[in-house]
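Q: I'll drop the sequence and a predicted model, then ask my questions.
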Amino acid sequence: MTKYVGAVDQGTTSSRFIIFDHAGNIVGVDQKEHRQIFEKPGWVEHDPIEIWNNTASVIKGALEKTGIKGSELAAIGITNQRETVVVWDRHTGKPFHNAIVWQCTRTDRICQELVKDGGQDRFRAKTGLPVATYFSGPKIKWILENVPAARDAALKGDAMFGTMDTWIIWNLTGGVDGGSHATDVTNASRTMLMDINTLSWDSEILEILGVPASGLPKITPSSDSMTWGNTRKDGPLGAELPVCGNLGDQQAALFGQTCFKPGEAKNTYGTGCFLLLNTGTEAVQSTHGLLTTLGYQIAGEKPVYALEGSISYAGALVQWVRDNLQLIKSAPEIEELASSVPDNGGVYCVPAFSGLFAPYWRSDARGVIVGLTAYANRNHIARAVLESTAYQTKDIVGAMNLDSGVDLTKLKVDGGMVHNNLLMQFQSDILNVPVIRPQVAETTALGAAYAAGLAVGFWKGTEDLKANWSIHSTWTPDMYDSVRKEKYAGWKKAVDRTLDWI
């Protein structure tokens, strides 16, 4: 009898396998970090082989820790860092190059050329996206232009392209021995290659970018009983299980937070920070610097769209303080430092390490720490680092209110940083709305599990999922409006200092 659903959560800094029961509770988890490869300033890569090996390892690890057999799982869901892309040989399974990560800015020249011929919004009507280094299409173009073996294989039809969900699904379902080459609508919507109105690869954009359609995966709903295939008995699960749930990480969190109605929103505080607002079955084009994206699609139903604000450095900024500045030895220490001072001492940190994402979309920006005086110390810098995530979220909420015509009244939150009480309180203060953390904060993996479980009838419908959702903590605003305005004005001045650096 199947009692559980498993979810692979392939993130920017680590890969995890989490096992959930019918109530949506975590019963088992294993996690492994992978290397961040920085060959040049602004370049970020991952080793796809390392990621697949880590994925197989954490699947085995979670099963061993719990004593649960793979055969006790009803289905497998996948969630992943979205725009990160890999190109590999369909016959050998070997990547032609390291995966190019969503944060990487190496495609800046390609994007500038695309903008010259039609502006930053050249493809927005079809894709919902501005031309930016963030998205997968230009990354594939870069690999084909700079890796001769990949280009030759693509011309012969031997190259396979995909975001990390595609790579994991292909390996889970057999790899070179009949592995399924598939992605879902949410991940495809982040490539800048899919028409979000037709849910198909756009031949005109493919031609402009020089990406052969033969290498692209099949696009499917996010929750689909017509599965992408089964895992193999000789694989890490030791059983044949349907892989039938797949969402990009931020859409998975939207699903896991049960934001199924238009107007419901969530913010995920992970490596980056991503705020999504459900806009229903109509794609709302942003005029204030947000992305129009697929929220999710359940097989047999219309797709659901979302507006998204994307921040590239949130938890990753804390890692930078730990690893590069060495001001702390572990990430949780930053809250202790920040809490030791009553405010930021006039210090602001804007982590525009890869330019600014929403709502600015400025690849010329670079990071700054400003407002330093002899009074400032590492505690003020720690506080400024935490506050930067809240300020960036306020930037996005302001744009979202304008695009949607509805003011946000509460914010559901999830991700690793929601355990930081100082940050969550400051987020509530600066937004002037309640911030609500659910009982299960790992909503990214939970959303992937929900999508897979729905497909096989483990859960009967979205009402079952809503019944699982419960509140763990709520933070309410406790800041004078005049203070809020003064602090935010300082943030906007700091953002101005990042611009036109490159």
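A: In hand now; what should we look at? Residues are numbered from 1 along each chain as shown.
Q: residue ranges for the strands of the stretch 51-200 of the chain, please.
A: Here the stretch 51-200 of the chain has its strands, by DSSP state E, counting those that start in this stretch, at 73-80, 85-89, 99-100, 159-163, 182-184, 194-195, 200-201.
Q: actually the stretch 401-502 of the chain, not the one I typed
A: With strands called from DSSP E, counting those that start in this stretch, the stretch 401-502 of the chain shows them at 411-414, 435-438, 471-475.
Q: Now tabulate the strands of the stretch 51-200 of the chain in TSV and tack on mean neighbour count.
A: Yep, even glycine has a C-beta here, placed from its N, CA and C like the rest. Shown next, in TSV, are the strands of the stretch 51-200 of the chain (neighbours: other C-beta atoms under 10 Å):
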stretch	mean neighbour count
strand 73-80	30
strand 85-89	25
strand 99-100	26
strand 159-163	27
strand 182-184	28
strand 194-195	23
strand 200-201	16
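Q: can I get those strands in TSV with mean pLDDT and distance to residue 232?
A: As requested, these are arranged in TSV below (pLDDT from 0 to 100; distance: least, C-beta to C-beta, whole Å):
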stretch	mean pLDDT	distance to residue 232
strand 73-80	96	12
strand 85-89	98	18
strand 99-100	98	23
strand 159-163	97	18
strand 182-184	97	16
strand 194-195	98	29
strand 200-201	98	28
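Q: got the strands of the stretch 401-502 of the chain as CSV, with mean pLDDT and mean neighbour count columns?
A: Formatted as CSV, the strands of the stretch 401-502 of the chain follow (pLDDT from 0 to 100; neighbours: other C-beta atoms under 10 Å):
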stretch, mean pLDDT, mean neighbour count
strand 411-414, 91, 24
strand 435-438, 93, 22
strand 471-475, 94, 14
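Q: Turn those into JSON lines, columns for distance to residue 141.
A: Below are those laid out as JSON lines (distance: least, C-beta to C-beta, whole Å):
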{"stretch": "strand 411-414", "distance to residue 141": "33"}
{"stretch": "strand 435-438", "distance to residue 141": "39"}
{"stretch": "strand 471-475", "distance to residue 141": "43"}
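Q: before we move on, back to that, okay, the strands of the stretch 51-200 of the chain in a markdown table with distance to residue 454 next?
A: Rendered in a markdown table, the data for those read as follows (distance: least, C-beta to C-beta, whole Å):
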| stretch | distance to residue 454 |
| --- | --- |
| strand 73-80 | 9 |
| strand 85-89 | 28 |
| strand 99-100 | 29 |
| strand 159-163 | 22 |
| strand 182-184 | 13 |
| strand 194-195 | 23 |
| strand 200-201 | 24 |
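Q: which one of these lies closest to residue 172?
A: The minimum distance between residue 172 and those falls on strand 73-80, with 7.2 Å, by C-beta to C-beta.
Q: tell me how far that closest one is from the chain's mean position?
A: Offset of strand 73-80 from its chain centre (C-alpha atoms, centre = their mean, to the nearest Å): 17 Å.
Q: Relative to residue 85, which of the strands of the stretch 401-502 of the chain is closest?
A: Minimum separation from residue 85 across the strands of the stretch 401-502 of the chain (C-beta to C-beta) falls at strand 411-414, 25.2 Å.
Q: where along the stretch 251-400 of the chain do the helices fall?
A: Secondary structure of the stretch 251-400 of the chain (DSSP state H, counting those that start in this stretch): helices at 315-323, 333-339, 378-404.
Q: For residue 158, find the nearest of the strands of the stretch 401-502 of the chain.
A: For residue 158, the closest of these is strand 411-414, at 40.1 Å, according to C-beta to C-beta.
Q: which strands and helices sit next to the closest one?
A: Here strand 411-414 touches strand 265-269, helix 421-431, strand 435-438, going by 3 or more C-beta pairs under 8 Å, 6 or more residues apart in numbering; DSSP states H and E.
Q: Just checking: what are the partner strands of that strand?
A: With DSSP bridges as the test, strand 411-414 is paired with strand 265-269 (parallel), strand 435-438 (parallel).
Q: In JSON lines, list the helices of the stretch 251-400 of the chain along with mean pLDDT and distance to residue 209.
A: JSON lines is the format used below for the helices of the stretch 251-400 of the chain (pLDDT from 0 to 100; distance: least, C-beta to C-beta, whole Å):
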{"stretch": "helix 315-323", "mean pLDDT": "92", "distance to residue 209": "28"}
{"stretch": "helix 333-339", "mean pLDDT": "95", "distance to residue 209": "40"}
{"stretch": "helix 378-404", "mean pLDDT": "94", "distance to residue 209": "27"}
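Q: Domain ranges for this protein, per the record?
A: Domain assignment for the chain, taken from the TED database, gives 4-250, 258-438+470-501.
Q: looking at those, which is closest to residue 444?
A: Using C-beta to C-beta, the domains of the chain put domain 4-250 closest to residue 444, at 4.9 Å.
Q: shouldn't residue 185 be in contact with residue 221?
A: Yes: using C-beta atoms under 8 Å, residue 185 is in contact with residue 221, at 6.5 Å.
Q: what sits in contact with each of those two?
A: 297, 303 (C-beta atoms under 8 Å, 6 or more residues apart in numbering).
Q: circling back to that earlier point, so which of the strands paired with strand 411-414 comes closest to residue 502?
A: Taking these one by one with C-beta to C-beta, strand 265-269 is closest: 27.4 Å.
Q: Can you point out the buried residues in stretch 413-423?
A: For stretch 413-423, a neighbour-count test (16 or more other C-beta atoms under 10 Å) marks 413-418, 420, 422-423 as buried.
Q: circling back to that earlier point, and the strands of the stretch 401-502 of the chain: which comes nearest residue 97?
A: When these are compared by C-beta to C-beta, strand 411-414 sits nearest residue 97, at 32.6 Å.
Q: Now do that closest one: everything it contacts.
A: 253, 256-257, 259, 264-269, 275, 397, 424, 427, 431, 433-438, 441-444.
Q: make it 6 Å
A: 253, 257, 266-268, 433, 435-437, 441, 443 (C-beta atoms under 6 Å, 6 or more residues apart in numbering).
Q: Going by distance to residue 59, which of these wins?
A: residue 443 (20.2 Å).
Q: hang on, the closest one packs against residue 258?
A: No: with contact defined as C-beta atoms under 6 Å, residue 443 does not reach residue 258; the gap is 8.9 Å.
Q: Out of these two, name the residue with the larger neighbour count.
A: Each of residue 443 and residue 258 has its neighbours counted (other C-beta atoms under 10 Å); residue 443 has more, 30 against 24.
Q: I'd like to know which of the strands of the stretch 51-200 of the chain is closest to residue 331.
A: strand 73-80 (21.6 Å).
Q: for that closest one, packing partners?
A: strand 4-10, helix 164-172, strand 243-248, helix 443-455 (3 or more C-beta pairs under 6 Å, 6 or more residues apart in numbering; DSSP states H and E).
Q: As a markdown table, these with mean pLDDT and distance to residue 87 would be great.
A: Shown next, in a markdown table, are these (pLDDT from 0 to 100; distance: least, C-beta to C-beta, whole Å):
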| stretch | mean pLDDT | distance to residue 87 |
| --- | --- | --- |
| strand 4-10 | 97 | 17 |
| helix 164-172 | 97 | 10 |
| strand 243-248 | 96 | 19 |
| helix 443-455 | 95 | 24 |
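Q: how about TSV for these, with distance to residue 306 added?
A: Output for those, formatted as TSV (distance: least, C-beta to C-beta, whole Å):
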stretch	distance to residue 306
strand 4-10	20
helix 164-172	18
strand 243-248	11
helix 443-455	13
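Q: Great, nothing more from me.
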